[in-house]
Structure formats: C-alpha cells, structure tokens
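S.K.: Structure for the following, please:
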Amino acid sequence: MIAALEPKLIKYCRVSFKSLLRVLKKHKIKSTYRTVRKTSGNQYKKLTRNNVNGFDMVAVVGPYGTSHRARKICGRAKVPMFHVQNGFLPDTVIWDIFGFWGDSPLYRNMGHEIEKFTTTSCQNWSERYSNYLIKNNSSRRPQPEKTNRVGKPYVFLPLQYMMDESILKHGNMKYSSFVRKIAEFCREKDLILAIKTHPRAMIAKPGEKGRVKKLFKALKRDYPDTFKRVKGSIHKLSKNSVCMVSMNSACVVDGMLNNTICVECGKTIFSNSGSIIHNKDIKAGMQKCLDLTKKEKETMIIKQKAVLYYLYNHYLPLEKNDHKSELSNEQKIENQLRLAKIIK
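M.R.: Numbers count the residues shown, from 1 in each chain. Now for the predicted structure:
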C-alpha cells in the first residue's frame, strides 16, 4: 500500500503529520509526496487523474477551499482522501477521511458518538477545559481583549465568508438572505442583531470586503434600530447573548464552550447531535431557542459538554496536548483509516 501526501502538510500541522507518518510506518504503508496546487512548484510530482489510481490513500490540506482538483480526482477514482484543516479548538487539526460538514459521517452519527460522554467525569473535564480557554481568551483564532457592550438583549452572529465552500456546498440559502431573515426575526422580537465580521474577511478572500460592505449598508438602511456591528472576544460576545446563530460556522463550538444555545440552518457535524438547534428554517429555529424550557437548556448543555469531550479526546489530532487527551493522535488517525477500511 502507498499514500500520496501533500508537502504542505509538513509545515501546516507538524505534530499531527508526524503522527500520520508513524501510523503509516506501523501499518507498513509506504508514502510519497504529490503536489495538488498550481503554485506548488516543481520540487515534487503532481497528483493527476492518470496516476491517482496508484495510491491507496491521499492526504491534502483544505481540499474544499484551495485544492478542489485533488478532491475531484480522488472522488472519481474512489481513492480515500484525508481532508485536513484547522480544528474547532485551539491547537487542533481536523483529519477526516470522508470530508467536512455534511460529508463527514459525524453529520448523522455525532449524537450516537457522544452518548457515552455524558458521565460526570467527562462533563467535569469539559467544564475545566472550557474554563481554561475562557479564562485565557483562547479560541481557534486570536481574540481581542476589548469587547463592545451591546446594551439590549441580542442575538450574536459571527459572520462567515459569504462565498465560502461550507456555505456553497452545505448551506441552504444565499448568505445575505440568511442574515436578513435573522434581522427580521430580531426586529420582530425587539432584539439587537450583533454581528462580528470574520477576522480575515477584509483581506483573505477576493471580493469579500465588498460583499460585507454591501451587506452592512443594506442592514443599516433596512434595520437601523436592530443591526449593530460589534468587535471583541467571541467568548464574551457569545456568553452574554440570547443565542448564537450560524449557517454552519465552526464558531458554534465557541458557543458550546460558553454554554450558549446555538442555532444553525446548514449542515455541520453538530446538526444531529442534540447539542445545538438545527432547523432549515432559521427563524423557526430561533423561535424554538426562545421557547426552550430550563430543563431543555440543561439537557442541551450536557450534550455540548459531551461534544467538547469527544472532539478533543477522540476526534481531533492535537498540535499541543496540554489537556491530556484520552486517545493519542495516532489512535485518532487509525480510527479514521479503519472507517475507510484502509486498515483493520
């Protein structure tokens, strides 16, 4: 057996990549490097539809957003591919052999996976871990120290890239329409819609700055007493909100860290976990959030903590293991390879 690995992995996730190499060696799977991007240079050979069948598995960084070609090549040839991307928690990396969002088996299975992590010991671990991250203002991305005070009760929306692959492939409506529906609901309920822009929205994606400006201009015009742009720590903004709303953002995990009820309408690995409110009709989902009983909220928070335990201890390989993961990186990677029937 032989694996084709994108050279970018070497620097992208040094620790978990070395874990992958140890797993491959243990199971006597040879490896070689293959590039998948136009800008990769000529140091390594390229992965093509003509040579992909010579490999038993492939590993690529961000195959949805930056290397669609590799995903198409592997999909057509039915060669399993590790989808690798920054994880939901600090110093973690997603290594999913099937994909992200609705493509991962966790989209359907997360509820089953977390059942055994509602025990007192697991819940206490998640509580300590959450408190540590909140105390240190730590998230998957750097967070500002100063946070706007919103004043009135508010719904918190951490803005996604409006043309991100997560939305185009696993969303259920145009992103600007999604935001307007939330604004309408907030106006009806006399709530503020507090929006924090994506930390890299103005620099990372071509055209994104213009899209955000156009959206905010429309919100200021049509919902002047409802819309408010905010800046600050995602922990404080989510903690103090009525709820967090999302199409399918990874930021819902920051909401879970703060015991915040999260509402989404697109597909994520959390959609069927019971840890969030998932409804294709975002306004109906938000109404359900407002109608939750105290007992229902408590049950959802228990499931949030179970999700956090599962993500750190059983699913996400770590670049730093500061909180003593139950499984090693190697075990987590092996679990994925078993799911794809690459190893027994």
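S.K.: Quick check: the spatially closest residue to Leu5 that is not a sequence neighbour vs Glu334, distance?
M.R.: For Leu5, the nearest residue in space outside its immediate sequence neighbours is Ala59; the separation is 4.9 Å by Cβ to Cβ, 6 or more residues apart in numbering. All C-beta atoms are positioned from the backbone trio N, CA, C, and that covers glycine. Computed with Cβ to Cβ, to the nearest Å, the distance linking Ala59 and Glu334 is 14 Å.
S.K.: More neighbours: which of the two?
M.R.: For Ala59 and Glu334, the more surrounded residue by other Cβ atoms under 10 Å is Ala59, and the numbers stand at 25 against 19.
S.K.: what about that one, which SS state?
M.R.: Local secondary structure at Ala59 is given as strand here, using DSSP: H, G, I helix; E, B strand; the rest coil.
S.K.: contacting residues for it?
M.R.: Residues near Ala59 by Cβ atoms under 8 Å, 6 or more residues apart in numbering: 3-6, 9, 20, 81-82, 84, 95.
S.K.: ok, 10 Å please
M.R.: 3-6, 8-9, 17, 20, 24, 31, 34, 70, 80-84, 95, 97, 333 (Cβ atoms under 10 Å, 6 or more residues apart in numbering).
S.K.: Tell me the pLDDT of the residue nearest to Leu5.
M.R.: Taken from the predicted model, the pLDDT recorded for Ala59 is 96.
S.K.: Okay, and the beta partners of it?
M.R.: Applying DSSP bridges to Ala59 yields these beta-bridge partners: Leu5, Phe82.
S.K.: Asn136 versus that one, what's the distance?
M.R.: Between Ala59 and Asn136 the computed distance is 31 Å (Cβ to Cβ).
S.K.: again with Leu157
M.R.: Shown here: Leu157 relative to Asn136, a distance of 24 Å by Cβ to Cβ.
S.K.: Of the two, which one has the most company?
M.R.: Neighbours per residue, other Cβ under 10 Å: of Leu157 and Asn136, the larger number sits with Leu157, 26 against 11.
S.K.: what secondary structure does the more buried one sit in?
M.R.: The assignment at Leu157 comes out as strand when based on three-state DSSP.
S.K.: Let me see the contact set for it.
M.R.: For Leu157, the contacting residues are 178-179, 182-183, 186, 193-196, 227, 230, 237, 241, 243-247, 249, 251, by Cβ under 10 Å, 6+ apart.
S.K.: Which residue, other than its chain neighbours, is closest to Glu165?
M.R.: The spatial neighbour of Glu165 that comes closest, neighbours along the chain excluded (Cβ to Cβ, 6+ apart), is Tyr64 at 4.0 Å.
S.K.: On the pLDDT front, check that neighbour for me.
M.R.: 76.
S.K.: next one: stretch 294-309 to chain centre, how far?
M.R.: Taking Cα atoms, centre = their mean, to the nearest Å, one finds the center of stretch 294-309 at 18 Å from the center of the full chain.
S.K.: do the same with stretch 103-115
M.R.: For stretch 103-115, the distance between its averaged C-alpha position and the chain's averaged C-alpha position is 14 Å (Cα atoms, centre = their mean).
S.K.: Give me the contact list for it.
M.R.: 64, 71, 83, 94, 96-102, 122, 169-170, 267-275, 302-311, 314-315, 339.
S.K.: repeat that for 7 Å
M.R.: 96, 98, 101, 267, 269-274, 303, 306-307, 310, 339 (Cβ atoms under 7 Å, 6 or more residues apart in numbering).
S.K.: got it, and stretch 145-156?
M.R.: 137, 182, 186, 191-194, 228, 230-233, 236-238, 241-245.
S.K.: Kindly report the same for stretch 21-34.
M.R.: Contacts with stretch 21-34, where a contact means Cβ under 7 Å, 6+ apart, come from 1-7, 44-47, 330, 333-334, 343.
S.K.: mind listing which of the residues you listed are in helices?
M.R.: 330, 333-334 (DSSP state H).
S.K.: For PyMOL, what selects the buried ones among the contacts of Ala59?
M.R.: Selecting in PyMOL just the buried members of these, where the criterion is 16 or more other Cβ atoms under 10 Å, is done with this command:
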select buried, resi 3+4+5+6+8+9+17+20+24+31+34+70+80+81+82+83+84+95+97+333
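S.K.: just the helices in this structure please.
M.R.: With DSSP H as the criterion, the chain has helices at 9-12, 14-26, 68-77, 106-113, 120-135, 165-170, 175-188, 208-222, 234-239, 252-257, 282-291, 294-310, 329-339.
S.K.: So which of those helices is the most surrounded?
M.R.: Among the helices of the chain, judged by mean count of other Cβ atoms under 10 Å, the one packed with the most neighbours on average is helix 252-257 (a mean of 27).
S.K.: helices or strands up against it?
M.R.: The elements that helix 252-257 packs onto, with contact taken as 3 or more Cβ pairs under 7 Å, 6 or more residues apart in numbering; DSSP states H and E, are helix 120-135, helix 234-239, strand 243-246, strand 262-264, helix 294-310.
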